[in-house]
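Novice: no sequence for this one, just the structure:
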């Protein structure tokens, strides 16, 4: 069932799937790994009456949902650590329907938020805000970016960010949709960030490096994404990513797979919610120079 009955179709199916998973988590899962009081209405103003979470609670849906809320929690856990260390800029590349800026505004956060995404996606998100009667937080800046024409640091400068001060950057559900060449160019461009800046992203591991069951899951999901018009374009050897980050001045802090995330966020749950696998890992790093 489409919850956004008063809105046109979302221009990014993957962003809307993420939003559905976050909303479903708020309704069905207990205890919650990721608290998001805006998640349900981010699907549209009528979602509370028209959204059926049980339509998104199959075996594959549950594993995907666990992965989505775990990566969001990981990114925001790292963000809060950076804020405690003095960071006052947060960048979400491929922000989609993320709600951190709305949640932060409730407790008077002084952190500036830069959401980078396709212009069409940001226009749709602005329509959601308007339909819900939400005011765009003063600290939130929407920055449209086509990675084919401009680097992330250039877009941030044009959007008012200060590259001389540390920032926390989250890149979730993005890199797999870029070619390997573009991913490498993106990561290398981050060498312009100030020391103390932090980075969290997820990436797909090369198929030949995955266990057999993960290969099966990865192929099935990749085929579904391609059929929906959003093919996966890149995968990596974790050692290659570590080298790229070192060349850009970053030191890897964590590189976590499903087993580690399940242990951190889904251990000993009565409902059995966990990530079944599928080939994605989640990495955090800090800029040293």
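Specialist: Structure's in. What do you need? What you see is a predicted model, and the numbers here were worked out from it, not measured in a lab. Numbering: from 1, shown residues only.

Novice: can you list the residues that contact stretch 171-182?
Specialist: Stretch 171-182 is contacted by residues 14-15, 18, 68, 71-72, 75, 92-94, 96, 147-148, 183, 186, 199-204, 230-236, 280 when judged by CB atoms under 8 Å, 6 or more residues apart in numbering. All C-beta spots, glycine's among them, are computed from the backbone N, C-alpha and C.

Novice: So which of those belong to helices?
Specialist: 14, 15, 18, 68, 71, 72, 75, 183, 186 (DSSP state H).

Novice: quick one: contacts for the third one?
Specialist: When you say that, I think you mean residue 18. Counting by CB under 8 Å, 6+ apart, residue 18 touches 68, 96, 97, 173.

Novice: Quick check, residue 101 in contact with residue 115.
Specialist: Yes - the pair residue 101 / residue 115 is scored as a contact, 7.0 Å apart, by CB atoms under 8 Å.

Novice: Now the common contact residues for those two.
Specialist: Joint contacts of residue 101 and residue 115 (CB under 8 Å, 6+ apart) are residue 140.

Novice: now the stretch 1-150 of the chain, which segments are flagged as low pLDDT?
Specialist: For the stretch 1-150 of the chain, applying pLDDT under 70 flags the ranges 1-8, 148.

Novice: chain center to stretch 199-213, what's the gap?
Specialist: Per CA atoms, centre = their mean, to the nearest Å, the displacement of stretch 199-213 from the mean C-alpha position of its chain is 16 Å.

Novice: Need the residues that contact that stretch.
Specialist: So stretch 199-213 is contacted by 71, 74-75, 78-79, 168-176, 183, 190, 215, 218-219, 232, 234-238, 241, 245, 250, 277, 279-287 (CB under 8 Å, 6+ apart).

Novice: ok, residue 208 - how many residues close by?
Specialist: 8 (other CB atoms under 10 Å).

Novice: Need the contacts of residue 18 in JSON lines (columns: distance to residue 124).
Specialist: Converted to JSON lines, these look like this (distance: CB to CB, whole Å):
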{"residue": "68", "distance to residue 124": "19"}
{"residue": "96", "distance to residue 124": "10"}
{"residue": "97", "distance to residue 124": "9"}
{"residue": "173", "distance to residue 124": "16"}
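
Novice: could you measure the most centrally placed residue in the chain against residue 138, distance?
Specialist: Nearest to the mean C-alpha position of the chain, by CA atoms, centre = their mean, lies residue 172 at 2.8 Å. Using CB to CB, to the nearest Å, one obtains 24 Å as the distance from residue 172 to residue 138.

Novice: unless I'm mixing things up, residue 230 is touching residue 11, no?
Specialist: No - contact criterion CB under 8 Å: residue 230 and residue 11 do not qualify, at 11.0 Å.

Novice: Tell me the buried residues within the contacts of stretch 171-182.
Specialist: 14-15, 18, 68, 71-72, 75, 92-94, 96, 147, 183, 186, 199-204, 230, 232-236, 280 (16 or more other CB atoms under 10 Å).

Novice: show me where this protein has strands.
Specialist: Secondary structure of the chain (DSSP state E): strands located at 89-93, 112-117, 140-144, 168-171, 198-204, 250-256, 280-287.

Novice: Specify the angle between the third one and strand 112-117 in degrees.
Specialist: Going by axes from the mean of the first three to the mean of the last three CA atoms, to 10 degrees, strand 140-144 is angled at 30 degrees with respect to strand 112-117.

Novice: quick one: strands adjacent to strand 140-144?
Specialist: Paired with strand 140-144 in the same sheet, following DSSP bridges, are strand 112-117 (parallel).

Novice: buried residues in stretch 125-143?
Specialist: Residues of stretch 125-143 classed as buried by neighbour count (16+ other CB under 10 Å): 125, 127, 128, 134, 137, 139, 140, 141, 142, 143.

Novice: and the closest residue to residue 269 other than its chain neighbours, how many neighbours?
Specialist: Nearest residue to residue 269 in three dimensions, chain neighbours excluded: residue 31, at 7.8 Å (CB to CB, 6 or more residues apart in numbering). By other CB under 10 Å, the residues close to residue 31 number 9.
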